[in-house]
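Student: could you look at this predicted model? Sequence included:
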Amino acid sequence: MDRGTGADDEVLVERRDGVQIITINRPSARNALNAAVARRVADAVDELDASDELRVGVLTGAGGVFSAGMDLKAFLAGESPSIEGRGLAGISVTPPAKPLIAAVEGWALAGGFELVLACDLVVAGETARFGVPEVKRSLVAAAGGALLLPRRVPFIVAMEMLLTGEPIGARRAMEAGLVNRVVPEGTALEEALALAAAVAAGGPLAVSATKKIARAGSDWTLDEAWAEQQKIIDPVFDSEDAREGATAFAEKRPPVWKGR
């Protein structure tokens with residue numbers, strides 16, 4: 001059952017053909033992250049992982065803005081948009097097992113930018129802007145900016161963004177390897193859904209296992225990597241879906257995945 005359909009809800013969640021769309025819906029506050037938003041995003045990605053029908057998630061913002069980051073008014077009132085043990089909105093430390101795509105229009109700043117870093121793929125409108133301005137407020141990009149950005153883009157690009165706090169545009173972000181696709185303004189969600197459909201066409205067990213290996217692989221030594229990978233892929237190769245994939249190819253028909 002879809003949640004978050006009321007006009008006043010701060011996070012909207014819907015399903016479209018196996019894709020979950022999570023929309024931060026506080027456009028009057030530039031989709032700033034407070035405790036309520038964080039909890040609802042965390043609940044949504046839990047639903048994404050738990051559902052047999054959902055294959056991919058898309059995270060976006062309403063009103064032409066992705067997110068301006070932490071709600072500073074809420075912060076001063078003692079609120080935090082972090083979930084204990086899970087990080088910002090429940091995804092910066094423990095992202096979902098299933099792929100998550102960011103559809104970015106307008107600003108993705110500070111915590112909003114760190115939500116982008118928690119995603120696996122990024123589609124950006126051509127006027128999108130990405131930045132980590134924390135140092136300008138004597139804060140630290142502690143929800144993944146300082147840790148993850150240098151792993152995502154060339155070190156000198158990351159350091160310029162982190163130490164100056166100045167944002168970069170969508171084209172430079174794509175050149176640096178932060179963004180997969182830059183599209184006309186206002187079409188980021190549409191393109192992200194097309195990308196999600198391409199991901200969702202793959203075997204769900206294989207997709208999740210591939211994401212797990214890709215994200216964990218940099219933490220393994222070369223000696224560890226092959227053994228750790230084997231533990232993850234063995235259940236996939238032994239699955240009904242693996243047999244269905246080979247059978248469907250031989251029979252020249254689309255596969256019918258069961259997720260087992």
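Tutor: Okay, I see it.

Student: give me the element residue 38 is part of.
Tutor: Element membership for residue 38 (DSSP states H and E) is helix 35-50.

Student: ok, residue 63 touching residue 23?
Tutor: No: using C-beta atoms under 8 Å, residue 63 is not in contact with residue 23, being 9.7 Å away. In this view, the C-beta of every residue, glycine as well, is placed from N, C-alpha and C.

Student: the more surrounded of the two?
Tutor: residue 23 (21 against 16; other C-beta atoms under 10 Å).

Student: check contacts around the more buried one.
Tutor: 4, 11, 12, 13, 14, 60, 61, 62 (C-beta atoms under 8 Å, 6 or more residues apart in numbering).

Student: quick one: stretch 241-251 to chain centroid distance?
Tutor: 30 Å (C-alpha atoms, centre = their mean, to the nearest Å).

Student: list the buried residues for it?
Tutor: Of all the residues in stretch 241-251, those buried under the rule 16 or more other C-beta atoms under 10 Å are 241, 242, 245.

Student: again with stretch 65-75
Tutor: 65, 66, 67, 68, 69, 70, 71, 74, 75.

Student: ok, of these, which one's closest to residue 236?
Tutor: Ranked by distance to residue 236 (C-beta to C-beta), the buried residues of stretch 65-75 are led by residue 66 at 33.1 Å.

Student: what's the pLDDT at that closest one?
Tutor: Looking at residue 66, its pLDDT stands at 97.

Student: correct me, but it touches residue 31?
Tutor: Yes: taking contacts as C-beta under 8 Å, residue 66 lies within contact range of residue 31: 6.7 Å.

Student: now the common contact residues for those two.
Tutor: Shared contacts of residue 66 and residue 31, defined by C-beta under 8 Å, 6+ apart, comprise 24, 112.

Student: dump the C-alpha coordinates for the least confident helix or strand in the chain by mean pLDDT into CSV.
Tutor: Ranking every helix and strand in the chain by mean pLDDT, DSSP states H and E puts helix 72-76 at the bottom, with a mean of 75. Only the C-alpha atoms of helix 72-76 are listed here, as CSV (Å, rounded to 0.1, in the frame of the first residue of the first chain):
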residue,chain,number,x,y,z
LEU,A,72,19.2,24.2,11.0
LYS,A,73,16.2,25.4,12.9
ALA,A,74,15.4,21.9,13.9
PHE,A,75,19.0,21.3,14.8
LEU,A,76,19.0,24.3,17.1
